[in-house]
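# Here is a sequence with its predicted model. Questions after.
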Amino acid sequence: MRPKDLLALILLGAIWGSSFLFIRVAVPSLGPFLLMEVRVGIAALALAPLALALGRLSEVRSRWRQFLVVGMFNAAVPFTLIAFAEIEITASLAAILNSTTVLFSALVAAAWTGDPLTARKISGVILGVAGVAVLVGLDPLPLNGAVLLAVGASLTAAFFYALFGTFVKRTFSGVRPLTLAFGQQAGAAAWLLLPAAATLPGEAPPLAATLSALGLAIICTAVAYLLYFTLIANVGPTSTLTVTFLSPGFGVLFGVLLLDEPFDLGTFAGLVMILFSVALVTGIRLGKVKEMRT
């Protein structure tokens, strides 16, 4: 991994970590459907001129059915589930729960592609489940039905990311990063248009919510997905997957510093257990990380 790729990876982790902060600020005013339509719609509009200038729109049109599928299940559905969840849970908790995507990916790869589910991976999945239990059980939020439903929505979003991340790798092999980034957001925007129109708020959102929605759309979606797909092309999916270690840490940091969210022993223990489970599942070792930095 070249230094510029490592810098891009760290930047991507910070950007995706901040997305949970933006969602937490904006979703009470805009609602999940409208917020996510703003997210993917503005991202698609931001990427469209570049896609047009580089002649990528024809690539999107030739695969429009596939982009509708990936837009629905790799963006519209998980994005909306996370937004629903953050009405009840903190940005920090949502960021940590989202890192379970890697655990689901191991199970999906075993079932779909025949990737062997080794003892190390099984141990990682079990530890990850225990980490979620510790994280939720010791979290300061009350364990009522609404919070448990929100946790379930976050975990379901992680499952969709895992399932359709595998779909993207199998279906869009060789497709260029800009084409993937624009096609996915445009497909998601098409699906979310009617639900967003049906749930418009009765009054204008406050400035903080508006700015958060714009940051979520432009920085955390348009820019982030260009970085993400470029990293996959440059260093491969395995190295790119190390962003899973970075984004929850940034998400917790931003939540604690900027939203005054609690960070107690339960949050710390759950975060450490889940990140260690991710290390087991991905097979990433400290020596490997050091090697990547050189």
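Right, received. Where do you want to start?

# Skip the chain neighbours and tell me the closest residue to residue 280.
In space, and not counting its chain neighbours, residue 280 is closest to residue 124: 3.1 Å by CB to CB, 6 or more residues apart in numbering. The C-beta positions use only the backbone N, C-alpha and C, and glycine is treated the same way.

# again but with residue 12, I slipped
Using CB to CB, 6+ apart, the closest residue to residue 12 is residue 227 (4.7 Å).

# mind listing what's buried in the helix or strand harbouring the one you found?
Per DSSP states H and E, residue 227 falls inside helix 224-240. For helix 224-240, a neighbour-count test (16 or more other CB atoms under 10 Å) marks 224-232, 235, 239-240 as buried.

# Let me see the contact set for the residue nearest to residue 12.
Residue 227 sits next to 8, 11-12, 15 when contact means CB atoms under 8 Å, 6 or more residues apart in numbering.

# Over to residue 253?
residue 17.

# I'd like to know how far it sits from residue 176.
Applying CB to CB, to the nearest Å, the value for residue 253 to residue 176 is 33 Å.

# try residue 72
Distance from residue 72 to residue 176, by CB to CB: 21 Å.

# which of the two has more neighbours?
Legend: neighbour count by other CB atoms under 10 Å for residue 72 and residue 176, higher for residue 72 (19 against 15).

# wait, doesn't that one sit right on residue 192?
No: the pair residue 72 / residue 192 is not scored as a contact, 9.1 Å apart, by CB atoms under 8 Å.

# what's whichever strand or helix holds residue 46 packed up against?
According to DSSP H and E, residue 46 maps onto helix 32-53. Using 3 or more CB pairs under 8 Å, 6 or more residues apart in numbering; DSSP states H and E, the elements in contact with helix 32-53 are helix 3-30, helix 57-62, helix 77-85, helix 177-198, helix 207-217.

# Which residues does the third one contact?
When contacts are taken as CB under 8 Å, 6+ apart, the neighbours of helix 77-85 outside the stretch itself are 20, 23, 27, 32-33, 35-36, 39-40, 94, 97-98, 150-151, 153-154, 156-158, 160-161, 188, 192.

# Can you name every helix or strand that whichever helix or strand comes after it contacts?
Later in the chain than helix 77-85, the nearest helix or strand by DSSP H and E is helix 91-98. Packing partners of helix 91-98 (3+ CB pairs under 8 Å, 6+ apart): helix 3-30, helix 77-85, helix 119-137, helix 145-171, helix 243-259, helix 265-282.

# So what's the gap between the first one and the chain middle?
For helix 3-30, the separation from the chain centroid amounts to 9 Å (computed by CA atoms, centre = their mean, to the nearest Å).

# and what of the shortest one?
For helix 77-85, the distance between its averaged C-alpha position and the chain's averaged C-alpha position is 10 Å (CA atoms, centre = their mean).

# tell me the mean pLDDT over it?
For helix 77-85, the mean pLDDT works out to 98.
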